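Colleague: with the input below, show me the fold.
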Amino acid sequence: MNVKNIGEIVESALDLRNPEPFTEDELRQLDSLGRIEDSQIDYTDASPTPVGTEWTRPGSRGGPVGNLRRSDQDVAAPKG
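Modeller: Residues are numbered from 1 along each chain as shown. As a prediction, the model looks like this:
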């Protein structure tokens, strides 16, 4: 392996108790994702769902909603 072709190794640590705030762009993307109807999401590249699995929206059953997670724009791209 040629060292010139692999670049630098970058390491970082994530403090889960003190995460970095979302940028304005990330907040806009999350807002846009929250407005997409389920029917507009392209799931064709997703793995098959195991038999008997039931998907629900966070908090729809009255339980805690959980944590926001950063999402790559390709994860839930609208159809079209």
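Colleague: can you classify L30 by secondary structure?
Modeller: helix (DSSP: H, G, I helix; E, B strand; the rest coil).
Colleague: can I assume it is in contact with I36?
Modeller: No - counting by CB atoms under 8 Å, L30 sits too far from I36 to count as a contact (11.0 Å). The C-beta positions use only the backbone N, C-alpha and C, and glycine is treated the same way.
Colleague: tell me where the chain has helices.
Modeller: Under the criterion DSSP state H, the chain contains helices at 3-6, 24-35.
Colleague: possible to save those as CSV with mean neighbour count, mean pLDDT and distance to I41?
Modeller: Below are those laid out as CSV (neighbours: other CB atoms under 10 Å; pLDDT from 0 to 100; distance: least, CB to CB, whole Å):
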stretch, mean neighbour count, mean pLDDT, distance to I41
helix 3-6, 6, 59, 36
helix 24-35, 11, 94, 9
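Colleague: now these in JSON lines, with distance to P50?
Modeller: As requested, the helices of the chain are exported to JSON lines (distance: least, CB to CB, whole Å):
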{"stretch": "helix 3-6", "distance to P50": "37"}
{"stretch": "helix 24-35", "distance to P50": "25"}
